[in-house]
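Chemist: need coordinates for the below:
(one chain, ligands or ions: 1)
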Amino acid sequence: MSRNTVATINLPALARNLERVRALAPNANIMAVVKADAYGHGLTRCIPALQSADLLAVATMREAREIRSVDCEIPVLLLEGVTDADELDEVNEFKLEHVVHHAAQLQWIEQSGCRSHQRIWLKLNSGMNRLGFPLEQAREVHQRIQAWPGVEEVVLMTHFACADQPGHAMNQLQRERFDQATAGLEGPHCLSNSGALINDASAHREWVRAGLMLYGVSPLDQQTGHDLGFEPVMRLDSQLIAINAVEAGESIGYGARYTAAHHHRVGVVAIGYGDGYPRNMPDGTPVLVKGQPCPLAGRVSMDMLTVDLSNQPDAALGDPVTLWGPDLPVETIAAAVDTIPYELLCRVSPRVRYEEIEYLRSKPRN
Ligand SMILES: *Cc1c(COP(=O)(O)O)cnc(C)c1O
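Modeler: Numbering: from 1, shown residues only. The predicted model follows:
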């Protein structure tokens, strides 16, 4: 018997989530963000379910190459653009689109003869202060790019710092600054990530960048993906490999972090930080044993974790255990360990076996 630690990827749900994004922003083109191995879901696995996306966005050349290794007609965008002049060769070879956010990139492109860039994504810094040209330079850089031979369109982009917090003053401030700096400049706008897609229809514009919500997960503190009409795409399961018991006063696991207040059974689950389940997950975090929430009891180790089985008296060896999924939101688990669901999804390790619920492509529309 092999170790049953499995991430199940629900591809039909992924396709439905993309349709849900379309319903939220019906007039926008949709960029499906598939960086970091499609947020841990498996990049090439997810592509067939994303066929109706208008563009796929990645962070690195390696991710772009991976898309180009499979049959895929969708345009691909490098969200951070090229990291050196040499990457421009690959941009051309793989017909990639790229963001331009820094003066060095302008130089590399101009020195290489500005080959075949039809659509350029110009990123402006409206207050995030990570990537992007200062707003004062928007007009000048826009003109400079438009002068490159072959450029047909310049998309004006910016990124919000607080999009996951509706009503945060930064959102309006960044939007107004961006609109002021780009007034009169030709080209579509691209501002919204998942948070802004949900919270701010005035930021939808011509292009939206949907990441986390595609995977059925919410970037907001107070609502889950399910609350917003999305379906979680990943479920992470394992099983009980031992059932033991502790007496009151006995501790469990490394550092003796957990001490039993009363006699109870202990379930040992075949998943640990070597699989991407965080080591610092606190005692009491819910884990579903055969569908019943049981509290984590003791520090997570590399290959295993332990739960108090008091809530599940029927538990037997081999029983299924769910760490997150449709019945246990990854948002809840992330909050328990003071991180965000993005991180938990991305860090599922290659040791976990991946299975998928197949996506059967519907008949092409005529
Ligand atoms: C990752 C990323 C996104 C997607 O963000 P989500 O919150 O996952 O929707 C959007 N825009 C940029 C620039 C990104 O890097």
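
Chemist: from here on, contacts and neighbour counts on C-alpha atoms
Modeler: Noted.

Chemist: give the contact list for residue 284.
Modeler: 294-297 (C-alpha atoms under 8 Å, 6 or more residues apart in numbering).

Chemist: any idea which of those residues has the most stuff around it?
Modeler: Per-residue neighbour counts (other C-alpha atoms under 10 Å) across those peak at residue 297, which has 27 neighbours.

Chemist: mind listing the helices for the stretch 201-350 of the chain?
Modeler: Ranges of helices in the stretch 201-350 of the chain, per DSSP state H, counting those that start in this stretch, are 330-336, 341-346.

Chemist: separation between residue 223 and the ligand?
Modeler: From residue 223 over to the ligand the distance is 14 Å, taken as C-alpha to the nearest ligand atom, to the nearest Å.

Chemist: how deep is that residue tucked in, by neighbour count?
Modeler: 13.

Chemist: can you list the helices of the stretch 201-350 of the chain in a markdown table and add mean neighbour count, distance to residue 126 and mean pLDDT?
Modeler: Shown next, in a markdown table, are the helices of the stretch 201-350 of the chain (neighbours: other C-alpha atoms under 10 Å; distance: least, C-alpha to C-alpha, whole Å; pLDDT from 0 to 100):
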| stretch | mean neighbour count | distance to residue 126 | mean pLDDT |
| --- | --- | --- | --- |
| helix 330-336 | 21 | 28 | 98 |
| helix 341-346 | 20 | 24 | 98 |
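
Chemist: of the ones you listed, which approaches the ligand most closely?
Modeler: Of all those, helix 341-346 sits nearest to the ligand, with 7.3 Å by C-alpha to the nearest ligand atom.

Chemist: contacts for that closest one, please.
Modeler: Looking at what lies outside helix 341-346 - C-alpha under 8 Å, 6+ apart - the contacts are 36-37, 39-41, 212, 217, 219, 276-278, 330-331, 333-335.

Chemist: what of stretch 14-31?
Modeler: Here stretch 14-31 has contacts from 46, 49-50, 53-57, 197-198, 201, 204-210, 213-216, 229-231, 233, using C-alpha under 8 Å, 6+ apart.

Chemist: residue contacts, the closest residue to the ligand within the stretch 201-350 of the chain?
Modeler: Ranking the residues of the stretch 201-350 of the chain by distance to the ligand (C-alpha to the nearest ligand atom) places residue 211 first, at 3.3 Å. By C-alpha under 8 Å, 6+ apart, residue 211 lies in contact with 32-34, 193-194.

Chemist: who in the stretch 1-150 of the chain is up against the ligand?
Modeler: When proximity is defined by C-alpha under 6 Å from any ligand atom, the stretch 1-150 of the chain lies next to the ligand at 33, 79.

Chemist: okay, now residue 136: neighbour count?
Modeler: Neighbour tally, residue 136, other C-alpha under 10 Å: 12.

Chemist: no no, residue 360
Modeler: For residue 360, the count of nearby residues is 10 (other C-alpha under 10 Å).

Chemist: not counting sequence-adjacent ones, nearest residue to it?
Modeler: residue 12 (7.7 Å; C-alpha to C-alpha, 6 or more residues apart in numbering).

Chemist: and that neighbour, what pLDDT?
Modeler: pLDDT, residue 12: 98.

Chemist: quick check: it vs the ligand, distance?
Modeler: Residue 12 is 19 Å from the ligand, by C-alpha to the nearest ligand atom.
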